[in-house]
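> Curious how this folds, go ahead:
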Amino acid sequence: MGLNAVVAACYALPVLISVLTVRFFYVLWHSGQSASRPRNTRLRCLIILGSGGHTAEMMNIVTTLQKDRFTPRYYVAALTDNMSLQKAEVYEQSLIQSDGMKTAESAHFMQIYRSREVGQSYITSIATTLLATLHAMWLVIRIRPQVIFCNGPGTCFPLCISAFLLKVALTP
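Residues are numbered from 1 along each chain as shown. This is a model prediction of the structure:
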């Protein structure tokens, strides 16, 4: 009986790998196709803020968005980044004062574990990246973003990987 199970696993493993590979490339191909949703549809946004210049660049992008279309907005920054979420909160408060928008309904602010601290060794960053990816997976499942805005900070890596894995698992 043990030998039959090993033989069955040897046949099933290549089939499983083939199915997952086809699914992976289908999702990649399908992601490149144009969306068939109306232009006035509201889209849940995940906006990833990085330290320093990354946040300034991302806030420049956010200021050009159609606020009524890209809502709700979920701002995410690293747990050890003390400034980025404050800048996003100040911006969202300025929208309330100028346009009368309700920030409680349109903007949410969250933090995530950092994948790698500045100066952290690459060996130890493997564990912290895995922890950050698990935390990111929980956030992505909870938020289910339709659009992700990121500009390359290390904080975006676990979030983008999690969003892609969720898409591979759930896209029809």
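> Any stretches of this structure with poor pLDDT?
1-3, 30-40, 99-105, 171-172 (pLDDT under 70).
> In it, mark out all the strands, start to finish.
45-48, 73-78, 107-112, 147-149 (DSSP state E).
> Save the ones you listed as TSV, and put in mean neighbour count and distance to residue 22 too.
For every residue, glycine as well, the C-beta is placed using N, CA and C. Below are these laid out as TSV (neighbours: other Cβ atoms under 10 Å; distance: least, Cβ to Cβ, whole Å):
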stretch	mean neighbour count	distance to residue 22
strand 45-48	25	27
strand 73-78	25	32
strand 107-112	19	31
strand 147-149	17	24
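> Next, format these as JSON lines and append distance to residue 87.
As requested, the strands of the chain are exported to JSON lines (distance: least, Cβ to Cβ, whole Å):
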{"stretch": "strand 45-48", "distance to residue 87": "11"}
{"stretch": "strand 73-78", "distance to residue 87": "9"}
{"stretch": "strand 107-112", "distance to residue 87": "11"}
{"stretch": "strand 147-149", "distance to residue 87": "15"}
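> of all these, which lies closest to residue 168?
strand 147-149 (15.0 Å; Cβ to Cβ).
> Note down every partner strand of that closest one and its orientation.
strand 45-48 (parallel) (DSSP bridges).
> care to break the protein down by domain?
Taking automatic domain parsing as the reference, the chain has its domains at 1-32, 43-170.
> Could you give me the buried positions within the first one?
To tie it back to what came earlier, the one meant is domain 1-32. Buried residues in domain 1-32, counted by 16 or more other Cβ atoms under 10 Å: residue 27.
> how many other residues sit next to residue 119?
Residues near residue 119, counting by other Cβ atoms under 10 Å, number 5.
> again but with residue 122, I slipped
8.
> any idea how far it is from residue 129?
Applying Cβ to Cβ, to the nearest Å, the value for residue 122 to residue 129 is 10 Å.
> list the residues that contact both of these two?
By Cβ atoms under 8 Å, 6 or more residues apart in numbering, residue 122 and residue 129 have these common neighbours: residue 116.
> how far is the top helix by length along the chain from where the chain is centred?
Secondary structure of the chain per DSSP state H: the longest helix is helix 2-31. Helix 2-31 has its average C-alpha position 26 Å from the chain's average C-alpha position, going by Cα atoms, centre = their mean, to the nearest Å.
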